[in-house]
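>>> here's my sequence, what's the structure:
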Amino acid sequence: MTTPVPPLRPLTLGEILDVSFGLYRSMFLTLLVVAVVVHLAPVLLGSYLQTSGRMFFLDPVTLGYWLLAVIMNSVGVAATTSIVSEAYLGRRISAGEALRRALPLVWPLIVVSLLSSLLVGFGFVLLLVPGLILLSGLLLASVAMVVERPPKATTALARSWELTRGFKGQVFGTVLVAFLLLLVPRIAVMTVWALAGGSANATVPEVLGAVLEVAVYPYLYTVITLLYYDLRIKKEGFDLDLLAAASESG
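The predicted model follows:
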(Lines give C-alpha, C1' and ligand atoms only; values in the text may rest on other atoms or scores of the structure.)
Protein backbone atom coordinates (compact mmCIF):
# COMPACT_ATOMS: atom_id res chain seq x y z
CA MET A 1 0.00 0.00 0.00
CA THR A 2 1.28 3.46 -0.83
CA THR A 3 0.88 6.76 0.98
CA PRO A 4 1.33 10.30 -0.39
CA VAL A 5 5.01 11.23 -0.63
CA PRO A 6 6.01 14.50 1.11
CA PRO A 7 7.66 17.28 -0.92
CA LEU A 8 11.06 16.09 -2.12
CA ARG A 9 12.82 19.43 -1.71
CA PRO A 10 14.67 21.34 1.03
CA LEU A 11 12.25 22.47 3.74
CA THR A 12 12.19 25.36 6.18
CA LEU A 13 11.68 24.85 9.91
CA GLY A 14 7.97 25.58 9.64
CA GLU A 15 7.60 23.28 6.64
CA ILE A 16 9.36 20.43 8.47
CA LEU A 17 6.92 20.76 11.37
CA ASP A 18 3.96 20.98 8.99
CA VAL A 19 4.99 18.05 6.78
CA SER A 20 5.80 16.02 9.89
CA PHE A 21 2.30 16.64 11.17
CA GLY A 22 0.88 15.52 7.82
CA LEU A 23 2.86 12.26 8.02
CA TYR A 24 1.90 11.82 11.68
CA ARG A 25 -1.77 12.33 10.86
CA SER A 26 -1.75 10.00 7.85
CA MET A 27 -0.06 7.23 9.85
CA PHE A 28 -1.75 8.03 13.16
CA LEU A 29 -3.40 4.68 13.89
CA THR A 30 -0.24 2.71 13.05
CA LEU A 31 1.92 5.05 15.12
CA LEU A 32 -0.59 4.97 17.98
CA VAL A 33 -0.53 1.16 18.14
CA VAL A 34 3.27 1.23 18.42
CA ALA A 35 3.17 4.05 20.98
CA VAL A 36 0.65 2.21 23.17
CA VAL A 37 2.61 -1.06 22.98
CA VAL A 38 5.97 0.47 23.88
CA HIS A 39 5.16 3.54 25.97
CA LEU A 40 1.92 3.04 27.89
CA ALA A 41 3.27 0.73 30.60
CA PRO A 42 6.50 2.74 31.24
CA VAL A 43 4.59 6.05 31.21
CA LEU A 44 1.95 4.86 33.68
CA LEU A 45 4.57 3.29 35.93
CA GLY A 46 6.64 6.47 35.72
CA SER A 47 3.60 8.56 36.68
CA TYR A 48 3.01 6.32 39.68
CA LEU A 49 6.63 6.62 40.82
CA GLN A 50 6.58 10.38 40.26
CA THR A 51 3.42 11.04 42.25
CA SER A 52 4.46 8.65 45.02
CA GLY A 53 7.88 10.28 45.34
CA ARG A 54 9.74 7.05 44.55
CA MET A 55 11.16 7.99 41.16
CA PHE A 56 14.75 8.13 42.40
CA PHE A 57 14.61 5.40 45.03
CA LEU A 58 16.98 2.49 44.48
CA ASP A 59 14.43 -0.29 44.87
CA PRO A 60 13.44 -3.16 42.51
CA VAL A 61 10.35 -1.36 41.20
CA THR A 62 12.25 1.79 40.26
CA LEU A 63 15.17 -0.11 38.76
CA GLY A 64 12.72 -2.25 36.81
CA TYR A 65 11.03 0.91 35.54
CA TRP A 66 14.28 2.39 34.24
CA LEU A 67 15.25 -0.88 32.54
CA LEU A 68 11.80 -1.22 30.97
CA ALA A 69 11.82 2.41 29.86
CA VAL A 70 15.23 2.10 28.15
CA ILE A 71 14.33 -1.10 26.30
CA MET A 72 10.85 -0.04 25.23
CA ASN A 73 12.03 3.40 24.20
CA SER A 74 14.55 1.80 21.85
CA VAL A 75 11.83 -0.40 20.39
CA GLY A 76 9.60 2.64 19.96
CA VAL A 77 12.30 4.71 18.27
CA ALA A 78 13.15 1.92 15.83
CA ALA A 79 9.53 1.03 15.00
CA THR A 80 8.36 4.63 14.64
CA THR A 81 11.36 5.57 12.51
CA SER A 82 10.68 2.61 10.22
CA ILE A 83 7.01 3.60 9.82
CA VAL A 84 7.80 7.24 9.09
CA SER A 85 10.73 6.39 6.81
CA GLU A 86 8.60 4.05 4.73
CA ALA A 87 5.80 6.64 4.60
CA TYR A 88 8.28 9.27 3.45
CA LEU A 89 9.25 6.99 0.57
CA GLY A 90 5.60 6.41 -0.34
CA ARG A 91 5.15 3.01 1.28
CA ARG A 92 3.21 1.76 4.26
CA ILE A 93 4.03 -0.94 6.79
CA SER A 94 1.93 -2.29 9.65
CA ALA A 95 2.64 -1.73 13.33
CA GLY A 96 3.44 -5.43 13.69
CA GLU A 97 6.00 -5.33 10.88
CA ALA A 98 7.58 -2.20 12.34
CA LEU A 99 7.89 -3.81 15.75
CA ARG A 100 9.44 -6.94 14.21
CA ARG A 101 11.99 -4.80 12.39
CA ALA A 102 12.75 -2.98 15.64
CA LEU A 103 13.79 -5.99 17.72
CA PRO A 104 17.27 -6.52 16.20
CA LEU A 105 17.99 -2.80 16.69
CA VAL A 106 17.26 -2.63 20.43
CA TRP A 107 20.84 -3.17 21.62
CA PRO A 108 22.50 -0.94 18.96
CA LEU A 109 20.05 1.87 19.80
CA ILE A 110 20.69 1.46 23.52
CA VAL A 111 24.41 1.84 22.84
CA VAL A 112 23.75 4.88 20.62
CA SER A 113 21.61 6.43 23.36
CA LEU A 114 24.19 5.68 26.05
CA LEU A 115 27.11 7.13 24.07
CA SER A 116 25.07 10.17 23.06
CA SER A 117 24.04 10.81 26.67
CA LEU A 118 27.63 10.52 27.89
CA LEU A 119 28.93 12.90 25.22
CA VAL A 120 26.15 15.44 25.70
CA GLY A 121 26.46 15.20 29.48
CA PHE A 122 30.20 15.84 29.19
CA GLY A 123 29.44 18.85 26.99
CA PHE A 124 27.05 20.29 29.57
CA VAL A 125 29.65 19.77 32.28
CA LEU A 126 32.02 21.94 30.26
CA LEU A 127 29.44 24.63 29.52
CA LEU A 128 25.89 25.09 28.23
CA VAL A 129 26.88 25.87 24.63
CA PRO A 130 29.08 22.78 24.06
CA GLY A 131 26.30 20.64 25.48
CA LEU A 132 23.71 22.11 23.12
CA ILE A 133 26.06 21.72 20.15
CA LEU A 134 26.67 18.06 20.97
CA LEU A 135 22.97 17.47 21.57
CA SER A 136 22.05 18.97 18.20
CA GLY A 137 24.84 17.18 16.39
CA LEU A 138 23.94 13.73 17.69
CA LEU A 139 20.13 13.93 17.51
CA LEU A 140 19.94 12.05 14.22
CA ALA A 141 22.12 9.11 15.28
CA SER A 142 19.16 6.87 16.07
CA VAL A 143 17.57 7.52 12.67
CA ALA A 144 20.89 6.82 10.96
CA MET A 145 21.12 3.54 12.86
CA VAL A 146 17.61 2.46 11.84
CA VAL A 147 17.71 3.59 8.21
CA GLU A 148 21.34 2.88 7.28
CA ARG A 149 22.11 0.00 9.68
CA PRO A 150 25.81 0.85 10.24
CA PRO A 151 27.86 -1.89 11.91
CA LYS A 152 28.81 0.26 14.90
CA ALA A 153 27.02 2.77 17.10
CA THR A 154 29.95 5.15 16.73
CA THR A 155 29.39 5.14 12.96
CA ALA A 156 25.79 6.27 13.49
CA LEU A 157 26.99 9.04 15.80
CA ALA A 158 29.57 10.18 13.26
CA ARG A 159 26.94 10.08 10.52
CA SER A 160 24.61 12.31 12.55
CA TRP A 161 27.42 14.74 13.31
CA GLU A 162 28.33 15.03 9.64
CA LEU A 163 24.72 15.44 8.46
CA THR A 164 24.06 18.22 10.96
CA ARG A 165 27.26 20.10 10.15
CA GLY A 166 26.21 23.67 9.37
CA PHE A 167 22.59 22.97 10.41
CA LYS A 168 22.84 22.36 14.15
CA GLY A 169 20.89 25.52 14.98
CA GLN A 170 18.03 24.47 12.71
CA VAL A 171 18.03 20.94 14.12
CA PHE A 172 17.94 22.18 17.70
CA GLY A 173 15.21 24.75 17.03
CA THR A 174 13.00 22.29 15.16
CA VAL A 175 13.26 19.52 17.75
CA LEU A 176 12.80 22.01 20.61
CA VAL A 177 9.48 23.19 19.17
CA ALA A 178 8.35 19.59 18.61
CA PHE A 179 9.39 18.64 22.15
CA LEU A 180 7.46 21.56 23.64
CA LEU A 181 4.36 20.24 21.88
CA LEU A 182 4.70 17.07 23.97
CA LEU A 183 4.03 19.16 27.06
CA VAL A 184 0.73 20.54 25.76
CA PRO A 185 -1.47 17.55 26.79
CA ARG A 186 -0.13 17.48 30.35
CA ILE A 187 -0.42 21.27 30.73
CA ALA A 188 -3.95 21.21 29.31
CA VAL A 189 -5.06 18.45 31.68
CA MET A 190 -3.50 20.17 34.70
CA THR A 191 -5.13 23.47 33.75
CA VAL A 192 -8.60 21.95 33.26
CA TRP A 193 -8.20 19.99 36.51
CA ALA A 194 -7.32 23.14 38.44
CA LEU A 195 -10.11 25.22 36.86
CA ALA A 196 -12.61 22.46 37.60
CA GLY A 197 -11.65 22.58 41.26
CA GLY A 198 -9.89 19.23 41.31
CA SER A 199 -8.36 17.98 44.53
CA ALA A 200 -4.77 18.65 45.46
CA ASN A 201 -3.98 15.01 44.67
CA ALA A 202 -2.09 15.21 41.35
CA THR A 203 -2.35 11.49 40.54
CA VAL A 204 -5.44 11.70 38.32
CA PRO A 205 -4.31 14.61 36.08
CA GLU A 206 -0.79 13.20 36.00
CA VAL A 207 -2.01 9.86 34.68
CA LEU A 208 -4.42 11.47 32.20
CA GLY A 209 -1.69 13.77 30.89
CA ALA A 210 0.72 10.86 30.60
CA VAL A 211 -1.79 8.79 28.63
CA LEU A 212 -2.39 11.67 26.21
CA GLU A 213 1.36 12.13 25.79
CA VAL A 214 1.62 8.55 24.56
CA ALA A 215 -0.39 9.57 21.49
CA VAL A 216 1.80 12.64 20.92
CA TYR A 217 5.20 10.96 21.32
CA PRO A 218 5.33 9.70 17.71
CA TYR A 219 5.19 13.27 16.38
CA LEU A 220 8.60 14.02 17.91
CA TYR A 221 10.11 10.93 16.27
CA THR A 222 8.42 11.91 12.99
CA VAL A 223 10.08 15.34 13.12
CA ILE A 224 13.51 13.84 13.81
CA THR A 225 13.14 11.33 10.96
CA LEU A 226 12.04 14.04 8.55
CA LEU A 227 15.00 16.19 9.64
CA TYR A 228 17.30 13.32 8.70
CA TYR A 229 15.85 13.08 5.19
CA ASP A 230 15.72 16.86 4.79
CA LEU A 231 19.44 17.15 5.54
CA ARG A 232 20.19 14.33 3.12
CA ILE A 233 18.31 16.28 0.45
CA LYS A 234 20.13 19.51 1.28
CA LYS A 235 23.60 17.99 1.51
CA GLU A 236 23.52 14.83 -0.62
CA GLY A 237 20.84 15.37 -3.25
CA PHE A 238 18.75 12.52 -1.88
CA ASP A 239 15.68 13.83 -3.72
CA LEU A 240 17.52 13.63 -7.04
CA ASP A 241 18.57 10.06 -6.24
CA LEU A 242 14.93 9.12 -5.59
CA LEU A 243 13.74 10.77 -8.79
CA ALA A 244 16.49 9.06 -10.79
CA ALA A 245 15.58 5.68 -9.30
CA ALA A 246 11.90 6.26 -10.06
CA SER A 247 12.75 7.23 -13.63
CA GLU A 248 14.87 4.12 -14.14
CA SER A 249 12.20 1.83 -12.69
CA GLY A 250 9.56 3.50 -14.89
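
>>> what about the helices in the protein?
13-26, 28-51, 60-88, 95-102, 106-126, 128-138, 141-148, 153-163, 168-195, 203-236, 238-249 (DSSP state H).

>>> those helices: lowest mean pLDDT?
For those, mean pLDDT drops lowest on helix 238-249, to a mean of 52.

>>> coming back round to it: in a markdown table: the helices of the chain, plus mean neighbour count.
Just so you know, the C-beta spots here come from the backbone N, C-alpha and C atoms, and that holds for glycine as well. Formatted as a markdown table, the helices of the chain follow (neighbours: other Cβ atoms under 10 Å):
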| stretch | mean neighbour count |
| --- | --- |
| helix 13-26 | 17 |
| helix 28-51 | 19 |
| helix 60-88 | 20 |
| helix 95-102 | 18 |
| helix 106-126 | 16 |
| helix 128-138 | 18 |
| helix 141-148 | 23 |
| helix 153-163 | 20 |
| helix 168-195 | 15 |
| helix 203-236 | 21 |
| helix 238-249 | 12 |
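
>>> who's in contact with residue 31?
With contacts defined as Cβ atoms under 8 Å, 6 or more residues apart in numbering, residue 31 is in contact with 24, 80, 83, 84, 95, 218, 222.

>>> ok, so of the residues you listed, who is nearest residue 129?
Distance to residue 129, by Cβ to Cβ, is smallest for residue 222 among these, at 28.0 Å.

>>> hang on, that closest one packs against residue 22?
No - using Cβ atoms under 8 Å as the test, residue 222 is too far from residue 22 to be in contact (9.4 Å).

>>> what's near enough to touch the residue nearest the centre of the chain?
Centroid-nearest residue in the chain, with Cα atoms, centre = their mean: residue 221, separated by 2.7 Å. Applying Cβ under 8 Å, 6+ apart, we find residue 221 in contact with 76, 77, 80, 81, 84.

>>> that one and residue 60: what is the separation?
Going from residue 221 to residue 60 by Cβ to Cβ, to the nearest Å gives 30 Å.

>>> could you do residue 45 as well?
Counting by Cβ to Cβ - residue 45 and residue 60 are separated by 12 Å.

>>> likewise residue 19?
In terms of Cβ to Cβ, residue 19 sits 44 Å off from residue 60.

>>> what's the answer for residue 17, then?
Computed as Cβ to Cβ, the residue 17 to residue 60 distance reads 41 Å.

>>> who's in contact with the nearest residue in space to residue 225 that is not next to it in sequence?
What sits nearest to residue 225 in space, not counting adjacent residues and going by Cβ to Cβ, 6 or more residues apart in numbering, is residue 84, at 4.3 Å. Neighbouring residues of residue 84 by Cβ under 8 Å, 6+ apart: 23, 27, 31, 221, 222, 225, 226.
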